[in-house]
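Chemist: give me a model of this one.
(2 chains)
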Amino acid sequence: MRQSKLFTKTKKEAPTDEISKNAELLIRAGFIHKEMAGVYSYLPLGLRVLNKIENIIREEMNMVGGIEMRTAVFQSKEVWEKSNRWDDDIVDAWFKTKLKNGGEVGLSFTNEEAYSNILKQYVSSYKDLPIYPYDFKNIFRNEVRSKSGIMRGREFYWKALYSFSRNEEEHNEFYEKMKVAYQNIFKRSGIGHLTYMTFASGGSFSKYSHEFQTVISVGEDTIYLDEDSGIAINKEVYNDETIKGLGLIKEKLVEKRAVEVGNIFSLGTRFSEPFDLKYKDEKSQENLVIMGSYGIGLGRLMGTVVEALADDKGIIWPESIAPFKVHLLLLGDDEDVKKEADHVYETLTKNNIEVLFDDRVGLSPGEKFADADLLGIPYRFVVSSRSMKDNGVEVKKRNEEKGKVVSLEELLVLLKHSA
RNA sequence: CGGGCUGUAGUAUACCGGUAGUACAAGCGCUUUGGGAGCGUUUAGACUGGGUUCGAUUCCCAGCAGCCCGACCA
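Modeler: Numbering: from 1, shown residues only, chains lettered A, B, ... in the order given. Below is the predicted model:
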């Protein structure tokens, strides 16, 4: 993409109404636009990152047998009354609105009911199970106080998978697979080294749920981490019994602030019962389906990566989720240099390398460098009269101090290997 | 939902009960080109409503909006 065609611009200063680093940097760099408190639009660069994250999650979900679909945002009263979660006194996060004909709809704040209701239509035999449908979708929660930039919004984009199993054993087997899949997702997103599986309160069907907590100083949650095993305990279940039950030693646990980037938990028959979601087994006996829930907030994950990896100059994206792999800077407006930069851009593009080409004219080198640092694209390529004198392109990684001049051919090899 | 704070150009800010100033951004002209460059010039602003007052952006009240702390949550 040519940066001259990218309508977003960087800002030197962040709006004062954004305190959190993730929102400050993402807004300054032009990745997101704040619509209102807790509601953000994704601008071209931000969407590219979001799509990268989405694809990583999609791959991991498909790997464990997930089947993608899309549930509706509008939800009907009748469905949610079955599980007793329509009433505002029970769920205060609802956004609800009226239909012209007088009916009322709610905007999805979660998906258990939608899935249970749909699958009631299709699940009847043990042969129909297990199944693992999931979706990516915008979720709406009427938070009384949204905060921390894109970390907790009123509208947010998430992945939710629900498992429908025949019995506890089958459920547990899948649950364990999901733990691994989640760890893969966070590793691939560049925060694996900071993300710990954390035991949290489990509800009525299991002792614990599992959260994936990324340790960063601005985290909203408090966890107690055993650094040797990488296991953590959420403050909400931090007590002697839990510590002992998990075989941990209290003195070795370190208190940390962390952000919950994902969670998985067992639902048991909490929803299959009200929706009468049953299957007939081999003996024609009816049994309730055992469910599990597995969520990841994509915007929050993106914000967490920014918080965790940024430096004082700007964002530092891991290659896996960067909006582009290469940020190609053209310095100066000499015709020969322009021609060479165009050539480099076209060569990279032809080789299927995602490149943002800073072809803007009239900007000083300092401005382009500062923008490149702020945007945080992993590889910075510079074409200038200086680099041309050295017969190559200057390459520098975002997290390196100094660059070196390398021939275009060598660069193509380098990029292929880093992929 | 309790508590606190704040609303001035696109952004960040200043002053003031009496003509709203500056920087960045944007437009134009010239110069400049390896770490947010210079000179000149132009455009652009007091959240809304009510009250006090000769006069309100300034003081008061209400509404709306935003931020922070707590509670709650992906």
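Chemist: for the stretch 101-250 of chain A, which residues are neighbours of RNA strand B?
Modeler: Neighbours of RNA strand B within the stretch 101-250 of chain A, by C-beta under 7 Å from any atom of the strand: A:139, A:141, A:143-148, A:151-154, A:156, A:158, A:211, A:220-221. (Each C-beta comes from the backbone N, C-alpha and C, glycine too.)
Chemist: show the buried residues in those.
Modeler: A:139, A:141, A:143, A:146, A:148, A:151-154, A:156, A:158, A:211, A:221 (16 or more other C-beta atoms under 10 Å).
Chemist: nearest to RNA strand B, of those residues?
Modeler: Closest approach between those and RNA strand B, by C-beta to the nearest atom of the strand: A:F156, at 3.6 Å.
Chemist: just grab the bridge partners of the closest one for me.
Modeler: In this entry, A:F156 is beta-bridged to A:I139, by DSSP bridges.
Chemist: is RNA strand B contacted by the strand ranked longest in chain A?
Modeler: The single longest strand within chain A, with elements called by DSSP state E, is strand A:253-268. Yes. Counting by C-beta under 7 Å from any atom of the strand, RNA strand B is contacted by strand A:253-268 at A:E260, A:V261, A:G262, A:N263.
Chemist: please produce CSV containing those residues, extended by neighbour count and distance to A:R360.
Modeler: Output for those, formatted as CSV (neighbours: other C-beta atoms under 10 Å; distance: C-beta to C-beta, whole Å):
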residue, neighbour count, distance to A:R360
A:E260, 22, 40
A:V261, 27, 35
A:G262, 26, 38
A:N263, 19, 43
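Chemist: show me where chain A has its helices.
Modeler: Per DSSP state H, chain A carries helices over the ranges A:21-28, A:44-63, A:77-82, A:112-120, A:168-188, A:240-245, A:298-309, A:335-350, A:365-375, A:385-389, A:408-418.
Chemist: and the shortest one, how far out from the chain's middle?
Modeler: In terms of C-alpha atoms, centre = their mean, to the nearest Å, the centre of helix A:385-389 is found 40 Å from the chain centre.
Chemist: right, so the helices of chain A: which one is the most enclosed?
Modeler: Mean neighbour count (mean count of other C-beta atoms under 10 Å) peaks for helix A:298-309 among the helices of chain A, with a mean of 26.
Chemist: what does it rub up against?
Modeler: Contact partners of helix A:298-309, identified using C-beta atoms under 8 Å, 6 or more residues apart in numbering, comprise A:20-23, A:25-26, A:40, A:46, A:49-50, A:53-54, A:57, A:136, A:148-153, A:156-159, A:186, A:189-191, A:194, A:214, A:216, A:218, A:259, A:261-262, A:315-318, A:321.
Chemist: looking at it, A:A114 is touching A:V73, isn't it?
Modeler: No. Using C-beta atoms under 8 Å, A:A114 is not in contact with A:V73; the gap is 9.6 Å.
Chemist: can you check the pLDDT for the spatially most central residue of chain A?
Modeler: Centroid-nearest residue in chain A, with C-alpha atoms, centre = their mean: A:L298, separated by 2.7 Å. The model reports A:L298 with a pLDDT of 95.
Chemist: how close does it get to A:I139?
Modeler: 10 Å (C-beta to C-beta, to the nearest Å).
Chemist: which neighbours do these two share?
Modeler: Common contacts of A:L298 and A:I139 (C-beta under 8 Å, 6+ apart): A:F156, A:Y157, A:W158.
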